[in-house]
Every structure is written in structure tokens, then in C-alpha cells.
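**Q** one predicted model, sequence on top.
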Amino acid sequence: MLILAVTARAVSFTVLVYNVENLTAADGKTLSADYGAKRYSRAHLLTKMNNIARVVAQFDEGKGPDVILFQEVERDFLQDQYLFDHVGMLAHYEDVTIEQMIGHYYDRDVARIPVEGLLLKTFYDRGLRGYRVAAADDAVQTKERRQIAHLNIVFSRFPIGAVRSYIVPEMPALLEVQLEVGGYPLYIFNNHWKGDAMGASAEDARVEAAKVLRDRMTEIFSVNPNADLILAGDFNCFYNQGPRFHFEKTALTQVLGSQGDKRALRANADLYNLWYELPSSQRGSEIYHGVWSTFIQMLVSRGLYDFRGVQYVDGSFGVGEFPGLNANENGEPIGWSFSGMAGSGFSKHFPLYAKFITVRNNRPDVYLSVSPPKKDPNPSGVRK
């Protein structure tokens with residue numbers, strides 16, 4: 001009798017991290033004064049969403065990454081808790097375009113759709129389909145949280161399991177999303193930490209966020225030291241924050257454990273910062289006080305270098321910088337502008353991306369072969 005061995009096909013996919021620079025609905029309910037109804041119209045909203053879709057369509061042969069982590073999506077101020085049926089919304093408006101929804105057919109029902117739902121519909125109309133949505137549940141307007149404008153959002157084509165939100169003072173709620181990728185669990189942590197990279201009080205706030213993440217990571221690693229985790233988002237600090245500003249304690253490196261030697265994952269480290277994949281001359285996601293910064297970051301866990309479950313495709317990390325689209329002639333991000341009847345531009349942040357694949361060797365004790373980090377000839381560690 002002939003017995004055929006059936007090997008499941010590996011799943012390859014891209015993860016994109018994108019701060020979309022204050023994607024705000026056009027219902028007038030906003031904490032951002034410059035996005036009020038007198039200046040920001042539904043035409044502006046459509047331009048912002050179309051331009052986000054254009055950037056996303058640069059990946060994976062036009063279909064977009066399978067996992068997207070968004071920051072600076074303004075939360076829905078019309079609701080006191082986060083509940084929305086994105087799939088039902090797409091079905092209901094199947095025969096109506098996004099242009100019609102926020103144009104001729106704009107009504108109270110459309111106005112009640114959270115802005116990431118309108119972005120999802122824009123994607124759908126542009127052929128970027130199959131996404132499920134997870135959002136940090138930070139809609140309850142307690143006195144301490146009323147100044148927090150944004151939600152962290154994840155779009156995923158993979159099934160979404162548990163979704164957790166972690167409330168941290170002075171910043172959007174941290175979002176944990178557990179995905180099922182080819183039969184394996186993948187933990188996604190979407191972050192938007194407090195701004196002001198040079199400020200000591202802001203660093204103290206970021207330390208609190210890092211403690212929350214580190215405590216959760218400890219829980220996960222206590223069950224599986226080689227669990228597959230991606231921590232990403234807008235950390236509002238440099239990947240080499242400590243050497244740059246000499247704070248007493250830095251959130252990213254001292255508390256969270258970000259570091260730049262892949263070989264250390266086999267020993268005492270459990271996170272690796274993918275900025276170290278690039279030469280220092282290419283490290284930069286936005287301009288901050290006239291210099292390139294690395295606020296948008298992606299960190300991967302030890303398990304993403306072993307041969308079980310999800311594995312990082314070594315060397316696949318990059319900056320989503322597209323000349324003639326979201327980058328100007330000087331290679332700088334083309335940020336959002338209110339100019340003209342419908343506005344223009346993209347985001348002051350370039351997105352980051354990396355590729356991953358599932359492996360079925362079931363060998364958490366075997367790691368990808370990696371080389372030692374090269375000596376950085378640029379002391380500042382970022383592009384000039």
C-alpha cells in the first residue's frame with residue numbers, strides 16, 4: 001500500500017507598522033483642534049484614506065500585508081465602549097462605494113462608523129480585502145483618559161483570538177492581539193508610547209508602559225520561553241535612547257530589554273530590535289527636531305529565530321519609503337497637509353515592514369544561523 005506524506009504548506013506573510021498621522025473621522029468629534037469641521041472635511045478624510053491605501057498596496061504584489069499595526073487612529077467619541085461589526089458593515093455597504101458613503105449618502109449611520117471602519121471599507125474598494133479588525137478598548141471616557149485621542153488598531157487576514165487592552169497613563173492603551181498563523185500562535189503587541197523623546201518625565205511614562213509589556217512577556221515566556229512575539233509601533237524614542245540622552249532608566253533597553261545582537265537570543269536575551277538589521281545610514285522613520293529618528297520600531301522575540309512555529313525571514317526588515325509616493329526628492333516623508341480643497345500627503349512617519357514564515361521542524365532548540373553585529377561607524381546610530 002502506498003502511503004503519501006502530506007506536508008502542510010508554509011505560510012509566508014508581511015507585517016507592516018504604520019503611524020498614519022492622526023486619521024480622524026469627519027464627524028466633528030475630535031480632540032485635535034486643527035481637525036475641526038471648519039478645516040477638515042470629508043474630502044480630506046477620503047484623501048487620507050486613499051493615500052494610506054496606496055502605501056499599503058505597495059506590499060505583497062498589491063494585495064497589502066497580511067498584518068498591519070496602525071497607530072494614531074482617532075477613537076470613536078460617540079461610544080462609551082468599543083463594539084463594532086466591521087464584517088457586517090462591509091456586507092451592508094457592499095453595493096455602495098466609500099466615495100458615496102462619505103459623499104452623497106453620508107448620514108447618521110455612516111457618521112457612526114468608527115474611522116478605522118471607513119478605512120477598512122476604503123481598502124475593500126481598492127482590492128485590499130480579507131482583513132479582520134482588532135482595536136484597543138479605550139473608549140470609556142474617564143476623567144484621566146479624556147485627553148487620549150487615539151486607538152491602536154490591528155488589521156489581520158489571520159484569525160484573531162484573544163484581544164487585550166492595557167491602560168497606561170498618558171498614552172493610548174497598549175493592544176495585545178493573538179493571531180493563529182498556519183496553526184501556530186503569534187502574539188502581536190501594538191504600542192504608541194508618550195511623546196517627547198528628550199523629556200525625562202515622558203521617559204518615566206514610557207518606563208511604565210515598558211513594565212506592563214515586560215510583565216506580560218514574563219507570563220507568556222513562563223509557559224513557553226520560545227513563544228513568538230512581535231512588539232511594534234510608535235515608541236516615541238530612539239532605538240539607542242540610553243546612549244543618546246543618559247536617562248537614569250530607559251524604557252526600551254533597560255526595562256523592555258531591546259538589544260541589537262541576534263546571537264544573544266540563544267542565551268540571556270529574549271528580544272531583538274530589527275533596526276539593527278540596517279546600516280546606521282539607513283536607520284530613520286521620521287524627522288524629529290531636524291534629525292532622523294527611529295520612533296517607529298519592530299522588536300521580535302527569541303522564538304521568531306527558532307525552527308518551530310512562526311519564524312522571521314532574516315534580513316527582510318525595511319523602511320516603507322517610496323520615492324514619488326510618500327517620500328520627497330530629499331528622501332523625507334511627505335506628511336499630511338490641509339492644503340487645497342481635499343488636502344494632500346501621507347504621514348510624517350515612514351512605515352516599517354518585515355517578512356515571516358511558518359516552519360514545521362518542531363525544533364525550538366535550533367536557531368537560524370546569524371552573524372555578529374557589525375561595528376557601527378556612525379556614533380549617532382541614525383541616518384543623516
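**A** Ah, there it is. Numbers count the residues shown, from 1 in each chain.
**Q** show me where the stretch 151-300 of the chain has its helices.
**A** Counting by DSSP state H, counting those that start in this stretch, the stretch 151-300 of the chain has helices at residues 200-223, 241-245.
**Q** SS state for residue 303?
**A** helix (DSSP: H, G, I helix; E, B strand; the rest coil).
**Q** next up, the contacts around the residue lying closest to it once chain neighbours are set aside.
**A** With sequence-adjacent residues excluded and distances taken as Cβ to Cβ, 6 or more residues apart in numbering, residue 303 is closest to residue 226, at 3.9 Å. The C-beta positions use only the backbone N, C-alpha and C, and glycine is treated the same way. If a contact means Cβ atoms under 8 Å, 6 or more residues apart in numbering, then residue 226 has 301, 302, 303, 306, 308, 309, 364 as its contacts.
**Q** closest one of those residues to residue 10?
**A** Distance to residue 10, by Cβ to Cβ, is smallest for residue 309 among the contacts of residue 226, at 11.3 Å.
**Q** pLDDT at the closest residue to the closest one other than its chain neighbours, what is it?
**A** Nearest non-adjacent residue to residue 309, counting by Cβ to Cβ, 6+ apart: residue 184, 4.0 Å away. Residue 184 carries a pLDDT value of 97.
**Q** surely residue 184 meets residue 359?
**A** No. Using Cβ atoms under 8 Å, residue 184 makes no contact with residue 359, being 9.1 Å away.
**Q** what's the overlap in contacts for these two?
**A** By Cβ under 8 Å, 6+ apart, the residues touching both residue 184 and residue 359 are 309, 310.
**Q** how about the helix or strand bottoming out on mean pLDDT in the chain: buried residues?
**A** Ranking every helix and strand in the chain by mean pLDDT, DSSP states H and E puts helix 241-245 at the bottom, with a mean of 86. Residues 241, 242, 244 are the ones in helix 241-245 that count as buried (16 or more other Cβ atoms under 10 Å).
**Q** using TSV, please lay out those residues together with distance to residue 117.
**A** Listed next are the buried residues of helix 241-245 as TSV, based on distance: Cβ to Cβ, whole Å:
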residue	distance to residue 117
241	35
242	40
244	39
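**Q** sketch out the low-pLDDT regions of the stretch 51-200 of the chain for me.
**A** Residue ranges of the stretch 51-200 of the chain with pLDDT under 70: 77-81, 139-142.
**Q** again, only this time at 80
**A** 76-82, 138-146 (pLDDT under 80).
**Q** so where's the longest strand in this structure?
**A** Counting by DSSP state E, the longest strand found in the chain is strand 352-367.
**Q** list the neighbouring strands of that strand plus their orientation.
**A** Paired neighbours of strand 352-367 in the sheet (DSSP bridges): strand 12-23 (antiparallel), strand 306-312 (antiparallel), strand 318-319 (antiparallel).
**Q** residue 220 is nearest to which of those?
**A** Taking these one by one with Cβ to Cβ, strand 306-312 is closest: 13.0 Å.
**Q** hmm, residue 276 is touching residue 374, no?
**A** No. Assessed by Cβ under 8 Å, residue 276 is found out of contact with residue 374, at 9.3 Å.
**Q** which one's more surrounded, the two?
**A** residue 276 (21 against 9; other Cβ atoms under 10 Å).
**Q** can you pull the contacts of the more buried one?
**A** 239, 260, 261, 262, 373.
**Q** what does residue 205 give?
**A** So residue 205 contacts 168, 169, 170, 171, 193, 194 (Cβ under 8 Å, 6+ apart).
**Q** out of these, what pair is the most spread apart?
**A** 169 and 193 (11.4 Å).
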